[in-house]
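Asker: Only the shape, not the letters, is given here:
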DNA sequence: CATCCTGTTGACAACGTTGTCCAGGGCCTA
DNA sequence: TAGGCCCTGGACAACGTTGTCAACAGGATG
């Protein structure tokens, strides 16, 4: 056995190629290609012979080679924060459905909220030459994407805006949603309202905080020290922040939770207390109806679908200026946000 | 402008190649390749020139071409039922983490519980020449995978066994878990216990039903007509089944829910009733602790991690006979399963 | 000064597919 | 029957990268 043969044996476990099929069927290489791609110009008889050879050898076209030749990978990349987060599951699924409808596969990765990892992932996807990219950014500077975008990789940012680079974006109305939620608490008689949110580095976190401040200002309420806590959504920290706000001589009577993870922890803390505490959370949660949690809901699936449709419109040739879509949120009253101050 | 040029312009939006970088830096093609891959044998001075050309042109290596040459794609495929399902999010994330540790990207797809779509997805991934495949099967005949496996695509089945093909599997102990859950209800005094599960086509569904029957038989209880319902997990159907079992002259006093979606609907139905009904569900659910739902928990992340580690061990050369791993489940008592019969 | 060695560099083929183009055979028409 | 056309099929180059190998320069050694 010579070296060449041994080498090829270790590749793809020795998969048959079109050349092998052609040899077995006694036809030319291109004829096999035609059969595999259902191109016209092949006699039924020849086609049958080729098909038999394909089945006998277990041939499957190598899309890597095809991609190289054709220049399109029929795949799109999705970089999000954490696939295990209940908000991103439906979003990802919606993107996948749209991709499937366009015959594309989905490659995804989680940045774990780490800007460096986000960049690493995005660039790996670009190296794979995905046709398009949907990014839920962790970082706030995306200039590293410039050469890629210039080179033609369609890109849509989701949930949070891109930094220093002009691309399509699909966002939820974080400011308006939070403002409405806090106003809802105020309307039910609360004046001492705490806000617990994600890290200030994250755009949605600061937008929601801005909504909180706007609602408070609208009602003529001065936000006191200690009513606002921004930081990681780690349960320990959120728990500490919530307990801090709910203790002391003048505790808050209501909490606004900046996202689903915060809400979950807040519910736990409140459940342990005797005195009832009102709560409105940003993002809906499974079973929130049973627990009677009032939320500001953003439709994750709609966000994903909208973003993916934008992306494919770009891939189909749309070349208008980058657009910014903002999706409305919905207040869903379920009880926890309608409790009066204790 | 001649035709060749126009053609190349539409590919990848005219990305620069190593050849372009080489021309600009005034070096040979292979030298660029060496720099890009940090191979030894390049003078610092040459390396600097090449690097400058790379930055100036915005070059990024085309991994499609690389893959074709090297024979490894450094990507693995994951086919599951529905990415939006809270059980699969963490599973998928765990697989991704392991893949990342091995420098591989994750391509995933949802079969939507449709065997045909599963096959279509799996074969598309094989055509991409993923190095390995993790499949949560929807169908029960996987002979279509034989040529692929023979050709060297490492494969691990998860959650449900493969049909007619000999591969590695990572399963949860559905039978044992269900048996334990039902026995738990019996230990708390129940004798009239209903079982609501997924479609009988699905292996875990029948295994759990088998566990139910085993527990009942162990306790000397005869299962009556109407206590068992298998079918889609569509909320409407589950609701109808649950209401049927809870009505009539001799209703069941406890329910065993075959999976997380069934549990959610069962909780809703039970919440609407006056008479308390005991409940144990298979699969843990977020916030189940707050709702006091007793569950049989299988650790989705552990399942995903185990499967991915198996896969990469195969990719690293392990060639023992296909193994079947069964992970234990845990009963978590939280109240709903400890209610006495009404 | 001839020789050898080492370290850097580039020419070339190959990976498996598809696009282009040409050859040959059969059929129709004049 | 010659000429033209259509239909089928195949040879060949190209996609962008990496592995192999040979060339070359410069220094050390005899």
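Answerer: Happy to help now that I have it. Since the model is a prediction, treat every value here as computed from it, not as a measurement. Numbering: from 1, shown residues only, chains lettered A, B, ... in the order given.

Asker: where does the stretch 201-342 of chain A dip in pLDDT?
Answerer: Applying pLDDT under 70 to the stretch 201-342 of chain A flags no residue at all.

Asker: Around chain B, pick out the residues from it.
Answerer: Residues of the stretch 201-342 of chain A that fall close to chain B, judged by Cβ under 8 Å from any Cβ of the partner chain: A:264, A:267-268, A:271, A:285-287, A:289-291, A:301. C-beta coordinates here come from the backbone N, C-alpha and C atoms, glycine included.

Asker: ok, those residues vs DNA strand C, which is closest?
Answerer: residue A:301 (34.0 Å; Cβ to the nearest atom of the strand).

Asker: tell me how far the helix or strand where that closest one lies is from the chain's mean position?
Answerer: Using DSSP states H and E, residue A:301 falls within helix A:300-315. Centre-to-centre, helix A:300-315 and its host chain are 11 Å apart (Cα atoms, centre = their mean, to the nearest Å).

Asker: and the spatially closest residue to residue A:103 that is not a sequence neighbour, what does it touch?
Answerer: In this structure, residue A:103 finds its nearest non-sequential neighbour in residue A:74, 5.8 Å apart by Cβ to Cβ, 6 or more residues apart in numbering or on different chains. Going by Cβ atoms under 8 Å, 6 or more residues apart in numbering or on different chains, residue A:74 touches A:67, A:103-105, A:131.

Asker: still on that earlier bit, if you count contacts, what does the helix holding residue A:301 end up packed against?
Answerer: Applying 3 or more Cβ pairs under 8 Å, 6 or more residues apart in numbering or on different chains; DSSP states H and E, one finds that helix A:300-315 contacts helix A:88-101, strand A:132-135, strand A:154-158, strand A:168-172, strand A:324-327.

Asker: between the third one and strand A:168-172, how many degrees?
Answerer: It stands for strand A:154-158. 20 degrees (axes from the mean of the first three to the mean of the last three Cα atoms, to 10 degrees).

Asker: Show me what strand A:154-158 pairs with in its sheet, parallel or antiparallel.
Answerer: Taking DSSP bridges as the criterion, strand A:154-158 forms sheet pairs with strand A:132-135 (parallel), strand A:168-172 (parallel).

Asker: who are the neighbours in contact with the residue of the stretch 1-150 of chain A found nearest DNA strand D?
Answerer: The stretch 1-150 of chain A approaches DNA strand D most closely through residue A:28 (2.7 Å), counting by Cβ to the nearest atom of the strand. By Cβ under 8 Å, 6+ apart, the residues touching residue A:28 are residue A:22.

Asker: if I look at it, how far off is residue B:26?
Answerer: 42 Å (Cβ to Cβ, to the nearest Å).

Asker: Residue A:180 now?
Answerer: Applying Cβ to Cβ to residue A:180 and residue B:26 gives a distance of 62 Å.

Asker: Looking only at neighbour counts, state which of the two leads.
Answerer: residue A:180 (18 against 11; other Cβ atoms under 10 Å in any protein chain shown).

Asker: Helix, strand, or coil at that one?
Answerer: helix (DSSP: H, G, I helix; E, B strand; the rest coil).

Asker: Enumerate every residue touching it.
Answerer: Residue A:180 neighbours (Cβ under 8 Å, 6+ apart): A:211, A:215, A:296, A:329, A:331.

Asker: Could you give the backbone dihedrals for the most centrally placed residue in chain A?
Answerer: Centroid-nearest residue in chain A: residue A:80, 4.4 Å away (criterion: Cα atoms, centre = their mean). Taking degrees, to the nearest 10, you get phi -130, psi -170 for the backbone angles of residue A:80.

Asker: Please enumerate the helices of chain A.
Answerer: A:3-10, A:18-25, A:29-36, A:44-57, A:63-70, A:88-101, A:115-127, A:146-150, A:174-187, A:203-218, A:235-246, A:260-272, A:288-291, A:300-315 (DSSP state H).
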